[in-house]
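S.K.: Mind looking at a prediction? Sequence and model below.
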Amino acid sequence: DAMVIQNPRYQVTQFGKPVTLSCSQTLNHNVMYWYQQKSSQAPKLLFHYYDKDFNNEADTPDNFQSRRPNTSFCFLDIRSPGLGDAAMYLCATSILGGSMNRAFFGQGTRLTVV
Amino acid sequence: RKEVEQDPGPFNVPEGATVAFNCTYSNSASQSFFWYRQDCRKEPKLLMSVYSSGNEDGRFTAQLNRASQYISLLIRDSKLSDSATYLCVVYDYGGATNKLIFGTGTLLAVQP
């Protein structure tokens, strides 16, 4: 059974139209991450939550916001998508401490901006 | 300098070959290290964790050199199914900071 679930798998949105991507987990992990991955590039960390503490990467555009209403769910909001925001968005979770801090990834949401 | 650096490749090798990937990281305080595999248009999947003593899983051997801030992955007897991008991942932990930092990945293409 999938432990980190992202919805939708594929999302098409119009230029400038707000879009929300969702991620849920059944692992009860305290850390959740959002990564952006463009073609032929490494996943780039946008932000992460440690429990309810939000940590934004310095170079994450203001256009990207996130919400974590509870342990299980995390959302990525793109307020005004541009063509350059087309990418795969990966959600991951991990548990803090020791060798258990490997990350579990969802299958990703592939975002197309038209 | 990038936080995690890898040779992007591509590495084109024949079936049965041995191939080695290298990775360097900039933060000497990094705690944990991993190799992930990513197939085209799929999410990254954990291949193996990397321990200071080195570890082996079948045809795959990972090594960590903390003094040199260097991680390696060795694949023996390459299979066609090994073709993928291999991502070096470093975990930095400190207070509220829990960051998994990815290298750019190394593309491996195993040829018949």
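M.R.: That came in fine, so what should we check first?
S.K.: And the helix or strand of chain B with the lowest mean pLDDT, what's buried?
M.R.: Least confident helix or strand, chain B: strand B:97-102 with a mean of 80, by mean pLDDT, DSSP states H and E. By 16 or more other CB atoms under 10 Å in any protein chain shown, the buried positions in strand B:97-102 come out as B:N98, B:K99, B:L100, B:I101, B:F102. C-betas here are computed from N, CA, C, even on glycine.
S.K.: pLDDT weak spots in chain A?
M.R.: Applying pLDDT under 70 to chain A flags the ranges A:1, A:97-101.
S.K.: Where does B:M48 fall, secondary structure wise?
M.R.: In this structure, B:M48 is located in strand B:45-50 according to DSSP states H and E.
S.K.: May I see the buried residues of that strand?
M.R.: Neighbour-count burial for strand B:45-50 flags B:L47, B:M48, B:S49, B:V50 (criterion: 16+ other CB under 10 Å).
S.K.: Keep only those residues that also lie close to chain A.
M.R.: When contact is defined as CB under 8 Å from any CB of the partner chain, these meet chain A at B:S49.
S.K.: now the strands for chain A?
M.R.: Applying DSSP state E to chain A gives strands spanning A:4-7, A:10-13, A:19-25, A:31-37, A:44-50, A:53-56, A:64-67, A:73-78, A:87-94, A:104-105, A:109-113.
S.K.: do you know which of the ones you listed lies nearest B:S26?
M.R.: Nearest of those to B:S26, taken as CB to CB: strand A:44-50 at 15.2 Å.
S.K.: helices and strands around that closest one, which ones?
M.R.: Here strand A:44-50 touches strand A:31-37, strand A:53-56, strand A:64-67, strand B:97-102, going by 3 or more CB pairs under 8 Å, 6 or more residues apart in numbering or on different chains; DSSP states H and E.
S.K.: So what's the residue count around residue 22?
M.R.: All of this is about chain A. When neighbours are counted by other CB atoms under 10 Å in any protein chain shown, A:S22 registers 16.
S.K.: that's the other chain; I wanted chain B
M.R.: Per other CB under 10 Å, the neighbour tally for B:N22 reads 15.
S.K.: near chain B, which residues of chain A?
M.R.: With CB under 8 Å from any CB as the criterion, chain A meets chain B at residues A:31, A:33, A:35, A:41-45, A:48, A:50, A:53, A:55, A:88, A:90, A:92, A:94, A:96, A:99, A:101-103, A:105-108, A:110.
S.K.: Buried subset of those residues as a ChimeraX selection?
M.R.: Entered in ChimeraX, the line below selects the buried ones among the residues of chain A next to chain B, by 16+ other CB under 10 Å:
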select /A:31,33,35,42,43,44,45,48,50,55,88,90,92,94,101,102,103,105,106,107,108,110
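S.K.: from the middle of its chain, how far away would the strand holding B:M48 be?
M.R.: Here strand B:45-50 is found 8 Å from its chain centre; the criterion is CA atoms, centre = their mean, to the nearest Å.
S.K.: Just the CA coordinates for that strand, please, in PDB.
M.R.: Output of strand B:45-50 as PDB, limited to C-alpha atoms (Å, rounded to 0.1, in the frame of the first residue of the first chain):
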ATOM      1  CA  LYS B  45      13.600   5.400  -4.600                       C
ATOM      2  CA  LEU B  46      16.100   4.400  -1.900                       C
ATOM      3  CA  LEU B  47      18.800   2.200  -3.200                       C
ATOM      4  CA  MET B  48      20.900   2.000  -0.100                       C
ATOM      5  CA  SER B  49      22.100   4.000   2.900                       C
ATOM      6  CA  VAL B  50      25.800   4.600   3.200                       C
END
